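Peer 1: 3D, please:
(one chain, ligands or ions: 1)
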Amino acid sequence: MNLSFLKLHRSLLLILVVMLASVLTLTLSYGHYKGHSQIDWFDVAGEGGITAMTLVWIFFILLSRPKGRVTNLLFSGLAIMNLSMTLDFIDEFVSYSEEQAWLSTIESIPAPFGMILMTMALYHWHQEQMTINQQLRNRERFYREHQLSDAISGLASADYMKSQISRELNLLHHSLHGFSLLMLDIAQFDRFNRQFGDAEGDKLLQEFAQVITLNIREQDLVCRYASDCFIVMLPNTELAIAEQLSVSLVSALEAFSFNSSDKAVTYKQKVHTSLVAATHRDSTSGLLSQLHQRLLTNKHLHGHTA
Ligand SMILES: Nc1nc2c(ncn2[C@@H]2O[C@H](COP(=O)(O)OP(=O)(O)OP(=O)(O)O)[C@@H](O)[C@H]2O)c(=O)[nH]1
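Peer 2: So this is what the prediction gives:
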């Protein structure tokens with residue numbers, strides 16, 4: 001588990017600890033233990049479970065989110081709801097004298113305010129997500145599942161691409177134009193890895209992924225298919241248009257200068273490509289195998305020079 005985001009939220013964690021410590025001090029110093037026989041253990045389990053769960057939610061929010069307005073609102077809403085729940089939970093063990101009965105009365109007051117803050121947080125989170133979705137459109141298309149993305153490039157995985165190809169094949173008879181698939185393979189990537197090391201190789205893969213994402217259209221989907229090989233799905237695109245897109249994408253990739261982490265080396269990479277246009281007679285595996293065969297032929301035709 002990566003805990004790096006938690007370090008950004010030290011002040012929020014401190015607020016939570018101070019809040020819970022104050023509530024415990026206040027209630028335990030004014031309250032009197034009810035006695036074992038007076039305690040309803042079903043209520044204790046239920047209310048204790050809800051209180052603990054809101055703390056777990058706060059933990060995961062702070063673990064997952066950078067600093068900012070949405071995080072502050074989510075934290076405040078949940079922390080205030082947790083305040084109500086903690087008071088309710090402690091109520092199961094202690095009772096108060098008449099002068100301190102307000103401690104029991106106020107327990108339900110924070111919860112609605114917490115819910116209002118959570119609602120505002122969810123609205124702003126929705127707005128934030130719309131912006132992020134726009135940025136991720138070429139990586140996700142219709143579906144989000146972190147297990148279907150490639151950890152190094154951040155792109156969709158081969159499995160996700162296969163599921164999208166099958167989906168497009170099923171839709172093929174409804175669309176005016178078929179779709180095309182473009183395979184892009186970095187030339188001599190093995191040599192690059194040996195020369196600069198695997199970490200620089202990973203950096204090149206990430207930067208190639210970004211260049212591809214920036215140069216494809218809104219409707220296209222890109223995945224990292226295998227080691228140094230990417231596939232771009234071009235929906236509603238005939239082969240002639242796909243060829244033009246391929247040429248401009250390859251020139252963007254080959255014009256891209258890779259800078260090593262220490263800025264000591266600048267490097268340009270050649271790219272091999274292959275293209276297929278899908279027809280309703282094709283299958284997913286058949287299309288992928290055609291792409292692969294054509295890539296091998298193109299590599300052979302153009303030689304293995306970088
Ligand atoms: N850095 C890095 N390297 C990887 C990763 N996955 C595979 N590789 C390496 O990618 C290289 C792929 O080698 P090849 O398939 O021979 O490709 P190539 O050297 O580009 O050969 P051509 O395409 O024929 O020019 C191998 O050295 C793999 O070890 C990865 O995630 N990160």
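Peer 1: Find the closest residue to the ligand in the stretch 1-150 of the chain.
Peer 2: Distances between the stretch 1-150 of the chain and the ligand by C-beta to the nearest ligand atom are smallest at residue 150, namely 8.6 Å. For glycine as for every other residue, the C-beta is placed from the backbone atoms N, C-alpha and C.
Peer 1: Residue 71 - nearest residue in space that isn't next to it in sequence?
Peer 2: Spatial nearest neighbour of residue 71, excluding adjacent residues (C-beta to C-beta, 6 or more residues apart in numbering): residue 65 at 4.4 Å.
Peer 1: One more: residue 230?
Peer 2: residue 184 is the one closest to residue 230 (C-beta to C-beta, 6+ apart), at 4.6 Å.
Peer 1: Just list whatever residues bridge to that neighbour.
Peer 2: residue 230, residue 273 (DSSP bridges).
Peer 1: Go ahead and confirm it touches residue 253.
Peer 2: Yes - if you go by C-beta atoms under 8 Å, residue 184 and residue 253 touch, sitting 7.0 Å apart.
Peer 1: any shared contact partners between these two?
Peer 2: Shared contacts of residue 184 and residue 253, defined by C-beta atoms under 8 Å, 6 or more residues apart in numbering, are found at 212, 271.
Peer 1: Tell me which residues touch residue 223, please.
Peer 2: Per C-beta under 8 Å, 6+ apart, neighbours of residue 223: 150, 155, 156, 157, 158, 160, 161, 230, 231, 233.
Peer 1: could you dump those to a markdown table with neighbour count, pLDDT and secondary structure?
Peer 2: Below are these laid out as a markdown table (neighbours: other C-beta atoms under 10 Å; pLDDT from 0 to 100; DSSP: H, G, I helix; E, B strand; the rest coil):
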| residue | neighbour count | pLDDT | secondary structure |
| --- | --- | --- | --- |
| 150 | 20 | 84 | coil |
| 155 | 27 | 89 | coil |
| 156 | 27 | 87 | strand |
| 157 | 18 | 88 | coil |
| 158 | 17 | 92 | helix |
| 160 | 21 | 89 | helix |
| 161 | 25 | 92 | helix |
| 230 | 26 | 97 | strand |
| 231 | 26 | 97 | strand |
| 233 | 24 | 95 | strand |
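Peer 1: Of those residues, just say which sits nearest to the ligand.
Peer 2: Nearest to the ligand among these, with distances taken as C-beta to the nearest ligand atom, is residue 150, at 8.6 Å.
Peer 1: With distance to residue 206 added, can I get the contacts of residue 223 in a markdown table?
Peer 2: Converted to a markdown table, these look like this (distance: C-beta to C-beta, whole Å):
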| residue | distance to residue 206 |
| --- | --- |
| 150 | 10 |
| 155 | 9 |
| 156 | 14 |
| 157 | 15 |
| 158 | 17 |
| 160 | 18 |
| 161 | 18 |
| 230 | 12 |
| 231 | 17 |
| 233 | 20 |
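Peer 1: and stretch 229-240, which residues are buried?
Peer 2: Within stretch 229-240, the residues that count as buried by 16 or more other C-beta atoms under 10 Å are 229, 230, 231, 232, 233, 234, 235, 237.
Peer 1: I meant to write stretch 158-175 there.
Peer 2: Buried, per 16+ other C-beta under 10 Å, within stretch 158-175: 158, 160, 161, 162, 163, 164, 165, 167, 168, 169, 172.
Peer 1: Widest-spaced pair of the residues you listed?
Peer 2: 158 and 172 (20.9 Å; C-beta to C-beta).
Peer 1: The residue of the chain found nearest the ligand in helix, strand or coil?
Peer 2: Across the chain, the shortest distance to the ligand (C-beta to the nearest ligand atom) belongs to residue 201, at 2.6 Å. At residue 201, secondary structure determined by DSSP: H, G, I helix; E, B strand; the rest coil is helix.
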